[in-house]
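Undergrad: Sharing a model that was predicted from the sequence below.
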Amino acid sequence: MSTQHEIPSYLTQREIGPWGVYLEQIDRVTPHLGALARWVETLKRPKRILMVDVPIERDDGTIAHFEGYRVQHNTSRGPGKGGVRFHQDVTLSEVMALSAWMTVKNAAVNVPYGGAKGGIRVDPRTLSRGELMRMTRRYTSEINIIIGPNKDIPAPDVNTNEQIMAWMMDTYSMNQGSTASGVVTGKPISLGGSLGRHDATGRGVFVVGCEAAAKRGMEIKGARVAIQGFGNVGGVAARLFSEAGARIVAVQDHATTIVSERGLDVAALQAHVTANGSVAAFAGGEQMDDRGQFWGVDCDILVPAALEQQITEVNAGKIRAELILEGANGPTTPGADDILRDKGVTVVPDVIANAGGVTVSYFEWVQDFSSFFWSEDEINLRLTRIMREAFAAVWQIAEDKKVSLRTAAFILACTRVLQAREMRGLYP
Ligand code: NAD
């Protein structure tokens, strides 16, 4: 904190917020970085922050303005990479933290990227399709100055999907004067998207879930799984666990919580969500009125796959799962991490558990550059191998150094990032 100003810099603010959580995680890894610790400040400062005004003409003729961001946290190991989120609660602190977690994640699974993230503070459900397209295009044009296939490559995140990526790719291409499919990943297959990308994050959660369950001597068949968030990540993870014989005993989304001791029919629930926009009023389970009770549901595996800071000091004590797989980014606060450690819960951290999405995004980007596309089997095999290797490496560090899997993943990743920083040296 500056001694000259009364207001602390937003970079060093540690009030409860995603960026404060990230700074605390960096503090926890710093004692394990040896001589590289002298570079650690570089991880506490985003390289570049762009805040943009996104004005659109609404269907009724009025003008609306939205606040947009693109943050490039670190590019020591390669171009920036990370999703774009459309949500009413998006803040600079959130986007900074999400960009930093991308730096750590990309290094943890060893894909040649730095970390970046973007977002618009908007509830996209309040926009028509035309308004959504105009907002996406204007945002893309505004951040056009810092993105590009070799500079920073956006991808889907909360409330963004293949269609949004198609509009982003088209807008960037129109501005460049030529088609640039490698500027975003998570595109439709017809535009250079990759087979397997849609399911990749949920599949990665499932793969590391199987590895972690095996370490704990837990069978997936018959395991009871509770999932928060039933979108891209949570929905696919639910399907894969269910196909492997697990019972999905609870699902919570933005609207409500649905429980069933016998296990929810995931395909039927998916069809219901596609038709109705949420799990509310699903006939194949009971609705739980108190949202907070979700955390106390009797289960073996818990998958937070919605937003950050969901598992806190307030509810961590109630959790009955042995294993937590962080599908979401930043769902657990450091205080909750300590409570879970004391209870003996294994937490597979976001930077490993949900890295399947960026891993297949990397495959998509490579395929776009070479204009040579791989089969889905090949993609899933490579994805599974990378996820298993990353999990094994992190598990080993955790055992050797007697630290949590999160600190172990940060040791692996931050060492790679700071080694790159040191080798490159400071410019000029
Ligand atoms: P999505 O928009 O497809 O789904 C989000 C889900 O969360 C929806 O079911 C929504 O109803 C639910 N949700 C929203 N607010 C909630 C609340 N307050 N309580 C409970 N549920 C709520 O988003 P997604 O792509 O599945 O992303 C989910 C999480 O996974 C985010 O943290 C995201 O950053 C992370 N993630 C996504 C990817 C990816 O490839 N999509 C990759 C890595 C990490």
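TA: Great, that's in hand. Numbering: from 1, shown residues only.
Undergrad: do you know how far Gly245 is from the ligand?
TA: Computed with Cβ to the nearest ligand atom, to the nearest Å, the distance linking Gly245 and the ligand is 23 Å. C-beta: built from backbone N, CA, C; applies to glycine.
Undergrad: With Asp298 instead?
TA: 19 Å.
Undergrad: before we move on, what about Val40?
TA: As judged by Cβ to the nearest ligand atom, Val40 and the ligand stand 25 Å apart.
Undergrad: what's the answer for Gly68, then?
TA: From Gly68 over to the ligand the distance is 17 Å, taken as Cβ to the nearest ligand atom.
Undergrad: Pull the distance from the one helix or strand that residue maps to to the chain's centre.
TA: Secondary structure assigned from DSSP states H and E places Gly68 in strand 63-74. The chain centre lies 18 Å from the centre of strand 63-74; the measure is Cα atoms, centre = their mean, to the nearest Å.
Undergrad: from the middle of its chain, how far away would stretch 274-293 be?
TA: Shown here is stretch 274-293, whose average C-alpha point lies 24 Å from the average C-alpha point of the whole chain (Cα atoms, centre = their mean).
Undergrad: which residues does Asp170 contact?
TA: Contacts for Asp170 (Cβ atoms under 8 Å, 6 or more residues apart in numbering) come out as Arg137.
Undergrad: Relative to the whole chain's centre, how far out is the strand or helix carrying it?
TA: Asp170 is part of helix 162-176, with elements assigned from DSSP H and E. Between the mean C-alpha point of helix 162-176 and the mean C-alpha point of its chain there is a distance of 22 Å (Cα atoms, centre = their mean).
Undergrad: pull the CA atoms of stretch 18-27 into CSV?
TA: These are the backbone C-alpha positions of stretch 18-27, laid out as CSV (Å, rounded to 0.1, in the frame of the first residue of the first chain):
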residue,chain,number,x,y,z
PRO,A,18,-11.5,-12.5,-6.4
TRP,A,19,-8.3,-10.5,-6.8
GLY,A,20,-7.7,-10.5,-3.0
VAL,A,21,-8.2,-14.3,-3.0
TYR,A,22,-5.7,-14.6,-5.8
LEU,A,23,-3.1,-12.4,-4.0
GLU,A,24,-3.5,-14.6,-0.9
GLN,A,25,-2.9,-17.7,-3.0
ILE,A,26,0.3,-16.1,-4.4
ASP,A,27,1.4,-15.3,-0.8
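Undergrad: Buried residues, that stretch. List them.
TA: Of all the residues in stretch 18-27, those buried under the rule 16 or more other Cβ atoms under 10 Å are 18-23, 25-26.
Undergrad: can you check stretch 28-43 too?
TA: Neighbour-count burial for stretch 28-43 flags 28-29, 32-33, 36, 39-40, 42-43 (criterion: 16+ other Cβ under 10 Å).
Undergrad: Save those as JSON lines, and put in distance to Val158, pLDDT and secondary structure too.
TA: Compiled in JSON lines, the buried residues of stretch 28-43 are given as follows (distance: Cβ to Cβ, whole Å; pLDDT from 0 to 100; DSSP: H, G, I helix; E, B strand; the rest coil):
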{"residue": "Arg28", "distance to Val158": "26", "pLDDT": "96", "secondary structure": "helix"}
{"residue": "Val29", "distance to Val158": "26", "pLDDT": "98", "secondary structure": "helix"}
{"residue": "His32", "distance to Val158": "31", "pLDDT": "98", "secondary structure": "helix"}
{"residue": "Leu33", "distance to Val158": "31", "pLDDT": "98", "secondary structure": "coil"}
{"residue": "Leu36", "distance to Val158": "33", "pLDDT": "98", "secondary structure": "helix"}
{"residue": "Trp39", "distance to Val158": "32", "pLDDT": "97", "secondary structure": "helix"}
{"residue": "Val40", "distance to Val158": "29", "pLDDT": "97", "secondary structure": "helix"}
{"residue": "Thr42", "distance to Val158": "28", "pLDDT": "96", "secondary structure": "helix"}
{"residue": "Leu43", "distance to Val158": "24", "pLDDT": "97", "secondary structure": "helix"}
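Undergrad: quick one on the thing from earlier: is the helix holding Asp170 anywhere near the ligand?
TA: No - where contact is defined by Cβ under 6 Å from any ligand atom, no part of helix 162-176 touches the ligand; the two come within 10.8 Å at best.
Undergrad: Contacts only, for the residue nearest the centre of the chain.
TA: For the chain, the residue nearest the mean C-alpha position is Asn329 (4.3 Å; Cα atoms, centre = their mean). Neighbouring residues of Asn329 by Cβ under 8 Å, 6+ apart: 98, 101, 308, 350, 354.
Undergrad: tell me the least confident of these?
TA: Across the set of those, Glu308 stands lowest in pLDDT, at 92.
Undergrad: I figured that one hits Ala97, correct?
TA: Yes - counting by Cβ atoms under 8 Å, Glu308 does reach Ala97; the two are 7.3 Å apart.
Undergrad: Compute the number of surrounding residues for Leu323.
TA: Counted with other Cβ atoms under 10 Å, the neighbours of Leu323 add up to 21.
Undergrad: Enumerate every residue touching it.
TA: Taking Cβ under 8 Å, 6+ apart as the criterion, Leu323 is in contact with 209, 212-213, 216, 218, 300-302, 345-346, 348.
Undergrad: Of these, which are in range of the ligand?
TA: Counting by Cβ under 6 Å from any ligand atom, nothing from the contacts of Leu323 sits close to the ligand.
Undergrad: from those, which is closest to Leu11?
TA: In terms of Cβ to Cβ, no member of those lies closer to Leu11 than Val348, at 29.2 Å.
Undergrad: can you pull the contacts of that closest one?
TA: For Val348, the residues meeting the contact criterion (Cβ under 8 Å, 6+ apart) are 208-209, 212, 323-326, 391, 405.
Undergrad: Inside strands: which ones of those?
TA: With strands defined by DSSP state E, the entries of the contacts of Val348 inside them are 323-325.
Undergrad: Quick check: of those residues, which lies closest to Tyr10?
TA: When the ones in strands among the contacts of Val348 are compared for distance to Tyr10 (Cβ to Cβ), Ile324 wins out at 29.9 Å.
Undergrad: Next, count neighbours for that closest one.
TA: 27.
Undergrad: Ok, Trp395 next?
TA: When counting by other Cβ under 10 Å, one arrives at 20 neighbours for Trp395.
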